[in-house]
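Give me the fold of what follows.
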Amino acid sequence: MVYIAVCEDEQEYQDKISIFIKKYSDINCCDFEVSFFCTVADFWENYQAGSFNIVFLDIYLEDGNGIEIAKKLRNREEECQIVFITSSRDFAIEGFELQARHYITKPIAEEKLVEALNRCLVMLAENMKVIQIPVGKLEVTIRLKDIIYVEVFNKTSVIHTVNGEIKTYLPLSQLENLLGGIPFLRCHRCSIINMNYVEDYTTADFIMKNGDTVGIPRSNSVAVRQQYVDFVFAKVRSEPGA
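Have a look, this model is predicted:
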């Protein structure tokens, strides 16, 4: 079940969105539960942590705006997919910073809503991808999205995640296969980074968002940094409004 919230104060657009989502559900055999809200206050009165997978937000609501809802959701570390409904692109930069998945401009066209749902469902599927790692006699499940980087010390692979470190004797080469490529980059014979967690880089290091640094070998510095730059440009081109 995918839970969808729609914050839209115009009945005409509520009706359109409801029809389009129902049609999408029937064609693609998706199981959606859709909740409609007319005001910011109404949304927060019915909000519970993790209650929505996709949130459609009208930029202009009668008692506020969708940008403020999105900011609060991100401040609460909600991972829901956000789609803005707007009559202009004035808030495009803010939307990008809030990790909006898509923009739909009014009047709402069915193909635009379909495009938004497709993007959101792809990301929801990506967020659910996991790998299982042997740790001692146990198997530990890790979401790929939560891995910041991996490094090897004395034949022990240390997986740095948003929830802490996990140590395994699984060789880095096997971990690299499990991680499955982009957004993961083998930047050194002893390390793999998740490029989504890179804050900055120099000629010698990647600086990760958790403050750690991961070395770049001098012999391959240009090629490794170019792979990261290519990843960033591809990501920007895929963002709404790009």
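
how close does the residue lying farthest from the centre of the chain sit to E8?
Within the chain, the residue lying farthest from the chain centre (CA atoms, centre = their mean) is N154, at 33.4 Å. N154 is 57 Å from E8, where distance means CB to CB, to the nearest Å. The C-beta positions use only the backbone N, C-alpha and C, and glycine is treated the same way.

what does I19 give?
13 Å.

Am I right that C30 sits in a strand?
No: using DSSP: H, G, I helix; E, B strand; the rest coil, the assignment for C30 is coil, not a strand.

ok, now which ones touch it?
Contact partners of C30, counting by CB atoms under 8 Å, 6 or more residues apart in numbering, are V2, Y24, L121.

Reformat these as CSV; add pLDDT and secondary structure.
Output for the contacts of C30, formatted as CSV (pLDDT from 0 to 100; DSSP: H, G, I helix; E, B strand; the rest coil):
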residue, pLDDT, secondary structure
V2, 94, strand
Y24, 96, helix
L121, 94, helix
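
per-residue confidence for the residue nearest to K129 when sequence neighbours are not counted?
In this structure, K129 finds its nearest non-sequential neighbour in L144, 4.7 Å apart by CB to CB, 6 or more residues apart in numbering. Per-residue pLDDT puts L144 at 95.

Isn't L144 up against M128?
No: applying CB atoms under 8 Å as the test, L144 and M128 come out as separate, 9.2 Å apart.

re earlier: for I19 and E8, work out which one has more neighbours and name it.
Remark: of I19 and E8, E8 carries more neighbours, 22 against 12, as counted by other CB atoms under 10 Å.

quick revisit: now the contacts of C30 in a markdown table, please, with extra columns for distance to T203.
What follows is the contacts of C30, written out as a markdown table (distance: CB to CB, whole Å):
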| residue | distance to T203 |
| --- | --- |
| V2 | 44 |
| Y24 | 47 |
| L121 | 39 |
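
low pLDDT regions in the protein?
88-98, 238-242 (pLDDT under 70).

Helices of that one, residue ranges please.
With DSSP state H as the criterion, the chain has helices at 11-28, 40-46, 66-75, 92-97, 110-127, 172-179, 221-238.

In CSV: these, plus distance to I193.
Listed next are these as CSV, based on distance: least, CB to CB, whole Å:
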stretch, distance to I193
helix 11-28, 35
helix 40-46, 37
helix 66-75, 23
helix 92-97, 22
helix 110-127, 17
helix 172-179, 10
helix 221-238, 8
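
How many residues are close by V6?
Count around V6 with other CB under 10 Å applied: 23.
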